[in-house]
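Chemist: Requesting a structural model of the entry that follows:
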Amino acid sequence: MNKVDQPLEVVVLAAGQGTRMNSALPKVLHTLAGKPLLQHVVNTAAALGPSAIHVVVGHQADQVRQALDVDVRWVDQSVQMGTGHAVQQALPAVAEDALVLVLYGDVPLVTAATLNTCIRAASGGDLALITADFSDPAELGRIQRDGEGAVQEIVEYRDADEAQRAIREINSGIMALSRPRLSDYLSRIEPANAQGEYYLTDVVALAVEDGLAVHGLKAEAPEEVMGINDRGQLAAMERIFQRRAVASLMAQGVSVADPARVEVRGAVEAGQDCFMDVNVVLEGEVTLGRNVRLGPGVVVRDSALGDGVRVEPHTVIEGAQVAANCVLGPFAHLRHGTCLEEGVKIGNFVETKKSVLGRGSKASHLAYLGDASLGENCNVGAGTITCNYDGIDKHPTHIGDDVFVGTNSTLVAPLEIGSGAFIAAGSTVTTTVKSGELAVGRGRQRNIEGWVRPDQRKNEPEI
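Modeler: Numbers count the residues shown, from 1 in each chain. Presented below is the predicted three-dimensional model:
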């Protein structure tokens with residue numbers, strides 16, 4: 001949270017096309033850990049507690065607006081004439097007394113802590129910017145300091161001489177400055193560069209010329225300020241993000257078989273002594289209790305798993321609530337609306353959807369339970385399905401406690417099965433089964449004597 005007295009407003013630059021991505025999708029909508037790059041930046045900006053967040057869009061602006069469900073003020077830059085020009089488009093909507101923080105939609109890993117350092121340094125009326133030392137700064141803008149270490153200017157790579165290109169300290173582009181000063185400097189910059197654009201970085205030289213203190217603050221980790229321009233950089237950034245995310249889980253007390261083979265694509269909370277095997281994927285809002293074990297290839301999406309839950313290999317869990325000590329899989333699929341009470345077993349090749357299973361109930365293999373509620377200690381045999389869809393509507397199946405459903409049963413909804421009932425194997429059940437009743441819904445077996453297998457029959461004479 002921003003701690004300065006001055007109101008803070010954030011301007012996020014997201015108007016570029018990103019031609020090096022070679023994609024029909026705007027660069028800022030390419031995903032990192034399952035979320036658009038721009039979403040990461042806006043989320044971090046929101047954590048600072050600003051009065052407003054202004055997002056400058058240009059290339060495929062409508063698509064960018066539609067892709068993000070965020071509370072921001074959209075600003076159009078119909079013609080892209082550089083970063084300085086982009087900020088100019090946002091300034092009319094910024095309060096006169098605001099401190100302006102400029103961020104970039106393709107720099108997703110910058111932290112709120114680093115940004116707060118920048119904000120505090122600029123809160124006294126100075127200019128603050130974030131820099132970093134790169135072993136290979138490539139074509140990034142260089143920080144030019146004087147003999148005493150004070151920032152003098154930022155030199156873009158295309159305009160730099162050989163000595164300047166040898167500098168390893170780069171400009172991240174992230175800066176903070178009061179709105180009046182920023183407006184003044186932007187009105188004075190000229191497109192006197194190889195690109196013929198209005199560079200935001202020229203503000204630094206103007207501030208130095210006016211005697212304004214310029215604070216060049218180095219990010220703790222260079223990856224915080226790394227921008228993404230092509231798919232190779234996006235893939236490298238994904239690895240950095242995942243390394244951080246898995247390290248955070250391990251700090252919470254989670255054991256990971258191979259940190260390089262766990263993917264975190266959301267917000268994950270985990271209790272002590274959980275274990276994740278290889279190729280586990282966690283997406284959305286995920287909560288794991290204590291001593292949860294996730295086997296190889298498990299996917300958990302927007303779900304909560306209680307203490308002691310064991311998930312066997314290649315099971316997919318999405319939108320489910322799973323109580324303590326349940327056993328799931330292998331190769332099970334828990335779909336949205338599944339709610340399992342304590343000690344439930346969902347076995348291999350079992351699918352559930354919008355279903356509630358009471359304490360101790362089990363469906364051990366090869367079953368489908370959709371729009372169903374089961375009481376405690378029920379047993380669902382292999383091959384059982386609830387026929388919940390009639391082609392137009394979905395219908396419920398209600399099953400009481402201690403019900404035994406035999407193998408290969410078909411339960412045609414809407415259907416009520418009372419507690420203690422028994423469904424004979426191979427039955428198709430279409431009407432209510434009362435408590436304690438045996439339901440047998442199958443054709444009578446008939447054995448035919450003298451029957452000859454087709455492959456043993458003599459050829460019939462041709463007519």
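
Chemist: can I get the CA coordinates of the lowest-mean-pLDDT helix or strand in the chain in PDB?
Modeler: One helix or strand of the chain scores below all others by mean pLDDT, DSSP states H and E: strand 151-155, with a mean of 87. Presented in PDB, the C-alpha positions along strand 151-155 are these (Å, rounded to 0.1, in the frame of the first residue of the first chain):
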ATOM      1  CA  VAL A 151      21.700   9.900 -13.000                       C
ATOM      2  CA  GLN A 152      22.300  12.300 -15.900                       C
ATOM      3  CA  GLU A 153      20.200  10.800 -18.700                       C
ATOM      4  CA  ILE A 154      18.900   7.700 -20.300                       C
ATOM      5  CA  VAL A 155      20.400   6.800 -23.700                       C
END
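
Chemist: which other residues reach that strand?
Modeler: For strand 151-155, the surrounding residues in contact (CB atoms under 8 Å, 6 or more residues apart in numbering) are 129, 141-146, 164, 171, 201-202, 204-205, 208, 214-216. Any C-beta I mention is one placed from the backbone N, CA and C, and that applies to glycine too.

Chemist: Only the buried subset of those residues, as a ChimeraX command please.
Modeler: Selecting the buried subset of those in ChimeraX, with 16 or more other CB atoms under 10 Å as the burial test, is done by:
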select :129,141,142,143,144,145,164,171,201,202,204,205,208,214,215,216
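
Chemist: Out of the contacts of strand 151-155, list just those in strands.
Modeler: 129, 142, 143, 144, 145, 171, 214, 215, 216 (DSSP state E).

Chemist: what pairs with the fourth one across the strands?
Modeler: Spelled out, that is residue 144. residue 153 (DSSP bridges).

Chemist: mind checking the end-to-end distance for stretch 73-90?
Modeler: Using CA to CA, to the nearest Å, the end-to-end distance of stretch 73-90 comes out at 9 Å.

Chemist: So which bits of it are buried?
Modeler: For stretch 73-90, by 16+ other CB under 10 Å, it's 74-75, 77, 80-90.

Chemist: Show me which of the residues you listed is closest to residue 279.
Modeler: residue 74 (39.0 Å; CB to CB).

Chemist: give me the number of residues near the nearest residue to residue 174 once chain neighbours are set aside?
Modeler: What sits nearest to residue 174 in space, not counting adjacent residues and going by CB to CB, 6 or more residues apart in numbering, is residue 130, at 4.2 Å. Neighbour count for residue 130, taken as other CB atoms under 10 Å: 25.

Chemist: residues touching residue 130, list them.
Modeler: Applying CB under 8 Å, 6+ apart, the residues near residue 130 are 110, 114, 115, 118, 172, 174, 175, 217, 218, 219, 224, 225.

Chemist: Next: residue 63.
Modeler: 25, 26, 29.

Chemist: So how do I select the buried members of those residues in ChimeraX?
Modeler: Per 16+ other CB under 10 Å, the buried members of these correspond to this ChimeraX selection:
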select :26,29
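
Chemist: which ones among the buried residues of stretch 73-90 are found in strands?
Modeler: Residues from the buried residues of stretch 73-90 lying in strands, with DSSP E as the criterion: 74, 75.

Chemist: which one of the buried residues of stretch 73-90 sits closest to residue 415?
Modeler: Nearest to residue 415 among the buried residues of stretch 73-90, with distances taken as CB to CB, is residue 74, at 51.4 Å.

Chemist: Tell me what that closest one is bridged to.
Modeler: Taking DSSP bridges as the rule, residue 74 bridges to residue 55.

Chemist: can I assume it is in contact with residue 57?
Modeler: Yes - the criterion here is CB atoms under 8 Å, and residue 74 meets it with residue 57 at 6.1 Å.

Chemist: I'd like to know how many residues surround residue 443.
Modeler: Here the number of neighbours of residue 443 (other CB under 10 Å) works out to 7.

Chemist: For residue 12, list the residues it contacts.
Modeler: Residues counted as contacts of residue 12 (CB under 8 Å, 6+ apart) are 38, 41-42, 45, 53-56, 72, 102-105.

Chemist: Could you do residue 309 as well?
Modeler: 288, 289, 292, 293, 322, 324, 325, 326, 327, 328.

Chemist: Name the member of the residues you listed with the most neighbours.
Modeler: Neighbour max across the contacts of residue 309 (other CB under 10 Å) = residue 328, 30 neighbours.

Chemist: Can you list phi and psi of that one for me?
Modeler: phi -130, psi 130 (degrees, to the nearest 10).

Chemist: Tell me what it is bridged to.
Modeler: Here residue 328, judged by DSSP bridges, has bridge partners residue 311, residue 346.
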